[in-house]
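S.K.: here's my sequence, what's the structure:
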Amino acid sequence: MFSEDGTPVSRTICKAWNTRLANKLALNALRDGVFVGEINGVSFPAHRVVFAMHHGRWPVNVVKHINGNRLDNRPCNLRETDSPIPSPSPTSPPGVHWDEERQQWAANVKVRYKTVCVGWYSRFEDALAITKNPDVRRKLRFHA
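M.R.: All right, here's what the predicted structure looks like:
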């Protein structure tokens, strides 16, 4: 990230960077119940970065937290599962996303400015279908 020419300017920039960020928690934004952060403009879940740093390779499959605490990213609490990382559908609507903890697709709908989870599904197509079902929205509006 910093020029390696050894000029006083690059050394000053590097020193300022280290002074500001040394001993601070990296990848500390909370999203979907896990810590995430950006590296060169690309978002990464912290537990996958910790796994990669500890094992010297990026995980191929889903990484689980052994004790169930998704904020506990100690290497001894992380294990790679046999489950492949699902590829999100490029046409995925805003109401469908992969829930890593449950290993299923979550279906959400908006009702009266609130997001309501209407279930988890093993198939993306099922989650998508439920979000597009007008009866689901009608029933939720009635009970909300």
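S.K.: mind listing the strands for the protein?
M.R.: Remark: strands assigned in the chain by DSSP state E are 29-31, 34-39, 42-45, 61-65, 78-84, 96-99, 104-111, 114-121.
S.K.: how about residues contacting the shortest one?
M.R.: Taking C-beta atoms under 8 Å, 6 or more residues apart in numbering as the criterion, the residues outside strand 29-31 that touch it are 35, 36, 37. To be clear about C-beta, it is placed using only N, CA and C from the backbone, and glycine gets the same treatment.
S.K.: okay, those in CSV with distance to residue 114, neighbour count and pLDDT next?
M.R.: Shown next, in CSV, are those (distance: C-beta to C-beta, whole Å; neighbours: other C-beta atoms under 10 Å; pLDDT from 0 to 100):
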residue, distance to residue 114, neighbour count, pLDDT
35, 26, 20, 87
36, 24, 17, 86
37, 28, 16, 84
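S.K.: how long is stretch 107-126 from one end to the other?
M.R.: With C-alpha to C-alpha, to the nearest Å applied, stretch 107-126 spans 9 Å between its terminal residues.
S.K.: where does this structure dip in pLDDT?
M.R.: Scanning the chain with the threshold set as pLDDT under 70 gives 1-6, 40-41, 86-93, 137-138, 140-144.
S.K.: so which elements touch the longest helix along it?
M.R.: Secondary structure of the chain per DSSP state H: the longest helix is helix 8-21. Packed against helix 8-21, as judged by 3 or more C-beta pairs under 8 Å, 6 or more residues apart in numbering; DSSP states H and E, are no other helices or strands.
S.K.: can I have that helix written out in CSV, keeping just the CAs?
M.R.: Output in CSV follows, covering the C-alpha atoms of helix 8-21 (Å, rounded to 0.1, in the frame of the first residue of the first chain):
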residue,chain,number,x,y,z
PRO,A,8,10.7,10.5,3.7
VAL,A,9,7.2,11.0,2.4
SER,A,10,6.4,7.2,2.2
ARG,A,11,8.0,6.6,5.6
THR,A,12,5.9,9.4,7.1
ILE,A,13,2.7,8.0,5.6
CYS,A,14,3.5,4.5,6.8
LYS,A,15,4.2,5.8,10.3
ALA,A,16,1.0,7.8,10.5
TRP,A,17,-1.0,4.7,9.3
ASN,A,18,0.6,2.5,12.0
THR,A,19,0.2,5.2,14.7
ARG,A,20,-3.5,5.6,14.0
LEU,A,21,-4.4,1.9,13.6
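S.K.: brilliant, that's me finished.
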